[in-house]
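Asks: Compute the structure for the input listed below.
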Amino acid sequence: MWLFLIIGLTCGYFMIAWTPTVEPFELELLLTDMIFDPMKTFFALVSFLIGFIANAVLIRTAIWHTLRAWRKETMNQKECFLSYSVLLTFMILAAIDVKKTVIFFLFSFVYGMMSMSVYKEREN
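Replies: Numbers count the residues shown, from 1 in each chain. Below is the predicted model:
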């Protein structure tokens, strides 16, 4: 779990740092910045992909532990603490750039919820 937490934070930071910031938002300027710096864009997209999957695992585990606690089942306290610390990751990233962090969180949350049924089947 520590590895997922570190990967999620690091990849989220690199995604925010390497994605061009266009204020006010204009699609043409964003695409132009991305086209003229393809390596930075590629690394930002790879960081986004790896980071949102790592955070999705932590979000899925946190929700699974919440459901188990609600049913008063036993659980691993260390794993529970680490999975809930994904919220700290998003708070740190939001201090850097809120808009990109919200998009990063939404992708992580949706993917984590989509993979929830597979995780429950593996647990049983």
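Asks: show me where pLDDT drops low in the chain?
Replies: Applying pLDDT under 70 to the chain flags residues 118-124.
Asks: can you point me to the longest helix in it?
Replies: Determined from DSSP state H, the single longest helix within the chain is helix 38-70.
Asks: now stretch 61-77: how far from the chain's centre is it?
Replies: Relative to its parent chain, stretch 61-77 has a centroid offset of 21 Å by C-alpha atoms, centre = their mean, to the nearest Å.
Asks: scratch that, stretch 50-69 is what I was asking about
Replies: Per C-alpha atoms, centre = their mean, the displacement of stretch 50-69 from the mean C-alpha position of its chain is 10 Å.
Asks: residues making contact with that stretch?
Replies: Stretch 50-69 has contacts (C-beta atoms under 8 Å, 6 or more residues apart in numbering) with 1, 4-5, 7-8, 10-12, 14-15, 74-75, 79-80, 82-86, 89-90, 104-105, 107-109, 111-113, 115-116, 119-120, 123. Every C-beta, even on glycine, is put in place using the N, C-alpha and C of the backbone.
Asks: Stretch 86-102 now?
Replies: Stretch 86-102 is contacted from outside by 5, 8-9, 12-13, 15-17, 19, 21, 55, 58-59, 62, 104-105, using C-beta under 8 Å, 6+ apart.
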